[in-house]
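Q: following is a predicted model, sequence given first.
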Amino acid sequence: MSPLLEVHKLSRFFGGLRAVNDLSFTVSSGEIFGIIGPNGAGKSTAVNLVSGVTKPTSGKVRFQGTDVTGQPPHKLVQYGLARTFQSTTVFGNCTVEENCRRGSYLARYPGFFHSFFSTSKAGEMRQASDSRVAEVLEWLDLHRVRNVRAADLPYGAQKTLGMAISLMAWPKLLMLDEPVAGLSAAEADNVRDTIRKIRAEGISVVVIDHNMRFMAGLCDRILVLHHGQELAHGLPQDVLSDPNVIEAYLGR
Ligand code: ADP
Ligand code: MG
């Protein structure tokens, strides 16, 4: 069986800067795959390339065997490849429930929000979506706060809401760029549990962070990025003990 996600010799240069350089990796079904590296290593650029936010200078992205290189994010969501965005996509004045509903429509129909509601299918889709909202809120333990304004949630719960919004579109792969940045240790533990719950439903997760301990306890495999290139790649314990990683990253 071919892997869910195949990244092949992906590069993105900004002028003379090689932000991501000749990067290859695969992610299997049901896997939690980590990308780790210091600030500026190219982690966000890598996620942006795979999720269609940034176009590659060269290289290929395949999802479930289909070449999806350079496709825009809303197309990739339809293939089952979703990602979280920064808190700007959480509608602060809307409730948690309303955020999920809106997030789902915007992910699928960017720019077509209004025309979508005028179609005859809207009622049907809305029902399907209502049951999905209830399901996802229960699943991520947000059902108790479903009527709370997003802006009134603690920061950790806002991060979880960001994941809930992405899950509305039934992804097969979810990419999370620094989901625990700025969180307390307890909130980070919560997010880690949530990521495990997501995987338990068969959804693969690509997670980015720079904290080796957090990542080693969460990921099945880890890729270490350094100056846009792969420095090491494998099981967490092997990556942690790799002399190149210790020298370049841990031994800073
Ligand atoms: P990380 O997420 O690992 O901290 P990034 O992928 O954000 O790293 O950035 C990698 C390098 O690419 C950095 O040197 C950054 O300044 C540069 N970079 C990222 N995006 C752009 C852009 N849009 N234009 C120019 N340089 C960029
Ligand atoms: Mg980043």
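A: Yep, that arrived. Numbering: from 1, shown residues only. Ligands and ions are numbered 1, 2, ... in the order given.
Q: would you map the strands across this structure?
A: 5-14, 17-27, 32-36, 58-63, 66-67, 81-83, 173-177, 204-209, 221-226, 229-234 (DSSP state E).
Q: quick one: those as TSV, columns for distance to ligand 2 too.
A: C-beta here means a position set from N, CA and C on the backbone, and glycine is covered the same way. Shown next, in TSV, are the strands of the chain (distance: least, C-beta to the ion, whole Å):
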stretch	distance to ligand 2
strand 5-14	13
strand 17-27	10
strand 32-36	10
strand 58-63	19
strand 66-67	26
strand 81-83	13
strand 173-177	6
strand 204-209	7
strand 221-226	10
strand 229-234	16
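Q: quick one: which of the ones you listed has the weakest pLDDT on average?
A: Looking over the strands of the chain, mean pLDDT reaches its minimum on strand 81-83, with a mean of 91.
Q: next up, the contacts around the nearest residue to residue 180 once chain neighbours are set aside.
A: Spatial nearest neighbour of residue 180, chain neighbours left out: residue 188 (4.1 Å); criterion: C-beta to C-beta, 6 or more residues apart in numbering. Neighbouring residues of residue 188 by C-beta atoms under 8 Å, 6 or more residues apart in numbering: 156, 180, 214.
Q: just give me the closest of those to ligand 2.
A: The nearest member of the contacts of residue 188 to ligand 2, counting by C-beta to the ion, is residue 180 at 12.8 Å.
Q: got a pLDDT number for that closest one?
A: 91.
Q: against residue 13, how distant is it?
A: From residue 180 across to residue 13, the span is 30 Å (C-beta to C-beta, to the nearest Å).
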